[in-house]
Structure formats: structure tokens, C-alpha cells
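[1] Show me how the following folds:
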Amino acid sequence: MQVVSPSSTANSEPQPQPQQQRRPSLWGHHDFLKLWFGQTVSVFGSSISDVAIPLIAVVLLQARPSQMGLLSLAQYLPFALVGLFAGALVDRLPRRLVLIVSDAGRALFLSLIPLLALFGLLHIELLYAVTFGVGILTVFFEVAYTSYLPTLIGRDDLVEGNSKLQTTLSAAQVVGPGLAGGLVQIIAAPLAILLDAASFLVSVLSLRWIRLKEPRPAQQTDRHLLREIGEGLRYLWKNPIVRALVGCSATANIFVNMYIALYAVYALRDLRFSPALFGALATASGIGGVLGAMVAPRLARRFSIGQMLIGCQLAAAISPLLLSFLRGPLALLALEYGVVLLLWDMGVMVYGITGGSLRQAIIPNALQGRVAASSRMISWGIPSLGFVLGGWLGEWLDIHLILALVSAGLLLSIIWLIPLRAIRQPSSE
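    All right, here's what the predicted structure looks like:
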């Protein structure tokens, strides 16, 4: 995939193409299949923790809305605190090594949750600390992962590669939450976390099996960490495409995080869903993501990039407003809740694949880590304050009013995408 933007031509450089012969698909790319397998197992494990950790906080530790906001903050604040440093470091080191160390560390941190629970030492403050530690390692993994994929498969295959990876991510979200809800009721939430820890170890093994040798990072005697961080930030700001994508995500995530901080409390206490039903309904998000990942390549051939991005963001903006109108008996509530989550995540998935592939395609390889880190700091790290805001508002305002505010914020984020509406579909050579 090659995209030309007004500011990318001046910064372009020859890019490594590990596969010289064009394959009909990535099914013949053995190293990609190894990465895909490891990530499939890993995201299945993580989908269990995504349900089990909020359940531990709400059910076992009796967390208040404000404490749930702080718990979510602990997960995403590392993107603001260490994201820029992680980007500069990833561009200096072999990216596969960073992936392996990050996954091994996350397995170690998560195993502390059942260990602390076993001895009766698990408290909300310790859950904050473990989540924060996992969050720091996730920063390094995400930055290295985004930077490593173009080197592994080449830029022409990014849409297909991201689509395949996101399909299994969404498939995991179909099975994982329902499995997590059942496991919590059978073996308790802390023990369910062990499955996630084990999944990270499987990912470590799959990464070690990859045979492709990465090109060595350029060795410069006058390298300066702060200067390199500044290069990534300057590229992000000067490139109008990357700037628009990051601005849209940052604006949207401030408001989405307000809801994420409260979704477990809303579902378990206001809608009175059981842990098992809560986990089962979370599979609707996974189904929506699977559908989104499956249709993204087809939509990319039919519509322009700008049309896809704006359309997906409009769909996302409507979803929280629909959640605020849920009414009726439990069965009807569950059906309505599941349908809205399915549509919401379908749009989010198509947006993520389209925007992510576009960003990866236009960023020079030497800047991939730093620009990815800068993007995540702005779009994930700074908006993590929305978790605190959502938790605080949850103590004072009705959840339906907060959902309406989330919809308004998502509509506001579309302003960033208007300059991209005329971007044509990338073409392959």
C-alpha cells in the first residue's frame, strides 16, 4: 500500500521489503502466521481479563464509580507517562525483542492477582498497582507491535494483515467475555486471570519462532533521546493525515473513556445483569468486531478512506445515545444492549483498520516507533483523564445524561476528519 500525503514525500526513505515476491495472500507468509497465532492466543486471554478485572473490582472489592474510574486510569495513564520514551527506545532496539520482554512481564504482573487473592491481600489499591504495571508494558508492546508489522509483511499487505489480526481479536471478544463470566461464577475471577497470564507466555514462544531478521536500527553517534522524541512529535504535527487521525481519536476517547469507567457499574447495578450475563453480552462487541474486520477490506475497495472514517465515527456517535434509551424487562434489555454493542464495535473496528493501515503506510520506517508512541500518548494517554471524569460524574449525574454527553463528544470528533473526506483509496504497485 502506498499513500502520498503533502508532507510525507519530503520525509520518505527506502523501506525494507522482507518479501520480494508478491504473494496472493498472507496465508503463505509463515512468520506472519506465527505472529498471528501468538496474538490470537494472547487476545483470547486478555478478553477474559477485560471482564474479570472489573468484576473483581465491583463484586469482590465493592468498588465505587470513582474507584472504577481510577482503575481504568491506571490501565491507560502509562501511555501519557512513558509513551514518548517507549517510542524512542523502540526505534533504537530490535522490535521483536521488545515484544517478547513486554509479554513476559505482563504474564508476571497478572499472576500476582490470584496470588494476592489466595492470601487475602488483594485490595483495590493493589489492583491499581498491578493494572498500572501491566499498562506500562502494554505501552511498549503496542508501540513495538505497530512498528514491527510493516517490517514483517511489507506495506502492500498492511490492510490484509491488520484485518486478519483484528478478526481474531474480535473473535476472542466473542468467546472470551462469555467464558470469563462463567469462569468467575465457577472458579472465581482471580483464578480466571491465570489464563490470561498463560496466554502471554504462548505469545512469547510464537515470537521467538519468527525467523525474519530485522534490519538493524541506524547507529548514530550523536543520538539524543529528547531530540528523537521531538522528531516523532514534529512528524505527527506536520503530517496533516496523521494529525487528523490522532486529533479525532483523542477527542473521541475523552468521552468514550467516561462511559468505559462506568459500564460495569451500569450493567451490573443499574441494569441488574448477572456476572454471567454481563460476560455473555460482552460477546456482542466481539461479534461486531469480527463483522467489521471481515468487511473492512471490501469496504476499502468500494469507498474512499475519508468516507469510511467519517461514516464509522457517525455510527459510533449514535451508539451511546441508543444505550441511554434501554427500557423493558431483563430479556429485552439484554437484547437491546447486545445489538447496540454489536453495531458500535463494528464501526470502531472498520475505523481502526482503515485509519491504522493508512497511518502505518505513510510513516517512514525509522520513525514508526516514535510516531506510534506520540499518537498513543495523545489519543490514549491524555484522554485517560476521561476515566476520572466519568467516575466523578457517575457519583453525581444520572448515567443517561452521561451517555448523551458521550454521543455529543463523538460527534464533535468528526470535525478532525473533514479535511480527509477527499482522500482516495490507496493503490498498490
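[2] what about the strands in the stretch 51-200 of the chain?
    Counting by DSSP state E, counting those that start in this stretch, no segments of the stretch 51-200 of the chain form strands.
[3] In it, where is pLDDT below threshold?
    For the stretch 51-200 of the chain, the stretches with pLDDT under 70 are 170, 173, 176-178, 180-181, 184-188.
[4] at 90 instead, please
    51-52, 54-66, 68-70, 72-73, 75-77, 79-95, 117-120, 142-193, 195-196 (pLDDT under 90).
[5] My guess is Leu321 contacts Leu405. True?
    No: the criterion here is Cβ atoms under 8 Å, and Leu321 misses it with Leu405 at 10.0 Å. Quick note: C-beta positions are derived from backbone N, CA and C, even for glycine.
[6] Gly338 and Gln313, how far apart?
    22 Å (Cβ to Cβ, to the nearest Å).
[7] What count of nearby residues applies to Ile310?
    Ile310: 18 surrounding residues under other Cβ atoms under 10 Å.
[8] Let the chain start at 2 from now.
    All right, first residue 2 from here; so that's Ile311.
[9] Let's verify it: helix, strand, or coil?
    Of the three states, Ile311 takes helix under DSSP: H, G, I helix; E, B strand; the rest coil.
[10] That one and Leu327, how far apart?
    Distance, Ile311 to Leu327, by Cβ to Cβ: 27 Å.
[11] What is the helix or strand where Gly357 lies packed up against?
    Using DSSP states H and E, Gly357 falls within helix 331-363. For helix 331-363, the packing partners by 3 or more Cβ pairs under 8 Å, 6 or more residues apart in numbering; DSSP states H and E come out as helix 125-154, helix 159-188, helix 241-261, helix 276-303, helix 306-324, helix 369-377.
[12] Wait, a helix at Ile211?
    No: Ile211 is assigned coil when assessed by three-state DSSP, not a helix.
[13] That one contacts Lys35, correct?
    Yes: the criterion here is Cβ under 8 Å, and Ile211 meets it with Lys35 at 5.3 Å.
[14] if you count what's nearby, which of Gly339 and Gln314 comes out ahead?
    Between Gly339 and Gln314, Gln314 has the larger neighbour count (other Cβ under 10 Å), namely 22 against 18.
[15] And for that one, nearest residue in space, chain neighbours not counted?
    In space, and not counting its chain neighbours, Gln314 is closest to Ile415: 5.1 Å by Cβ to Cβ, 6 or more residues apart in numbering.
[16] tell me the contacts of the one you found?
    For Ile415, the contact set (Cβ atoms under 8 Å, 6 or more residues apart in numbering) comprises 249, 311, 314-315, 318.
[17] Give me the below-cutoff pLDDT ranges for the stretch 252-401 of the chain.
    257-309, 316-317, 320-401.
[18] Can you get me a residue count around the residue lying closest to Leu111 once chain neighbours are set aside?
    Nearest residue to Leu111, sequence neighbours excluded (Cβ to Cβ, 6+ apart): Ala198, at 4.2 Å. Ala198 has 19 neighbours, counted by other Cβ under 10 Å.
[19] repeat for the one 3 residues further on
    By the criterion of other Cβ under 10 Å, Phe201 has 26 neighbours.
[20] quick one: it from Ala108, how far?
    The gap separating Phe201 from Ala108 is 4 Å, by Cβ to Cβ.
[21] Quick check, Val407 in contact with Ile255.
    No: between Val407 and Ile255 there is no contact, the gap being 9.5 Å when judged by Cβ under 8 Å.
[22] Tell me which of the two has more neighbours.
    Shown here are Val407 and Ile255; by other Cβ under 10 Å, Val407 has more neighbours (28 against 23).
[23] how close does the closest residue in space to the more buried one that isn't next to it in sequence get to Met69?
    Nearest in space to Val407, with sequence neighbours left out and distances taken as Cβ to Cβ, 6+ apart, is Pro321 at 4.1 Å. Distance from Pro321 to Met69, counting by Cβ to Cβ: 17 Å.
[24] got it, and Val59?
    Distance of Val59 to Met69, computed by Cβ to Cβ: 7 Å.
[25] Which neighbours do the two have in common?
    Common neighbours of Val59 and Met69 are listed as 265-266 (criterion: Cβ under 8 Å, 6+ apart).
[26] quick one, helices of the stretch 2-151 of the chain?
    31-56, 66-82, 84-91, 96-119, 125-154 (DSSP state H, counting those that start in this stretch).
[27] Please save the CA atoms from the fourth one in PDB.
    Taking only C-alpha atoms (Å, rounded to 0.1, in the frame of the first residue of the first chain), the coordinates of helix 96-119 have been written out as PDB:
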ATOM      1  CA  ARG A  96      11.300  -4.600  18.000                       C
ATOM      2  CA  ARG A  97      10.700  -8.300  18.300                       C
ATOM      3  CA  LEU A  98      12.900  -8.300  21.500                       C
ATOM      4  CA  VAL A  99      10.700  -5.500  23.000                       C
ATOM      5  CA  LEU A 100       7.600  -7.600  22.200                       C
ATOM      6  CA  ILE A 101       9.000 -10.700  23.900                       C
ATOM      7  CA  VAL A 102      10.100  -8.900  27.100                       C
ATOM      8  CA  SER A 103       6.800  -7.000  27.300                       C
ATOM      9  CA  ASP A 104       4.700 -10.100  27.100                       C
ATOM     10  CA  ALA A 105       6.800 -12.000  29.600                       C
ATOM     11  CA  GLY A 106       6.500  -9.100  32.000                       C
ATOM     12  CA  ARG A 107       2.700  -8.900  31.600                       C
ATOM     13  CA  ALA A 108       2.400 -12.600  32.400                       C
ATOM     14  CA  LEU A 109       4.300 -12.000  35.600                       C
ATOM     15  CA  PHE A 110       2.200  -9.000  36.700                       C
ATOM     16  CA  LEU A 111      -1.100 -10.700  36.100                       C
ATOM     17  CA  SER A 112      -0.100 -13.800  38.000                       C
ATOM     18  CA  LEU A 113       0.100 -11.500  41.100                       C
ATOM     19  CA  ILE A 114      -3.700 -11.000  41.200                       C
ATOM     20  CA  PRO A 115      -4.600 -14.700  42.000                       C
ATOM     21  CA  LEU A 116      -1.600 -14.900  44.300                       C
ATOM     22  CA  LEU A 117      -2.600 -11.900  46.300                       C
ATOM     23  CA  ALA A 118      -6.200 -13.100  46.400                       C
ATOM     24  CA  LEU A 119      -5.100 -16.500  47.600                       C
END
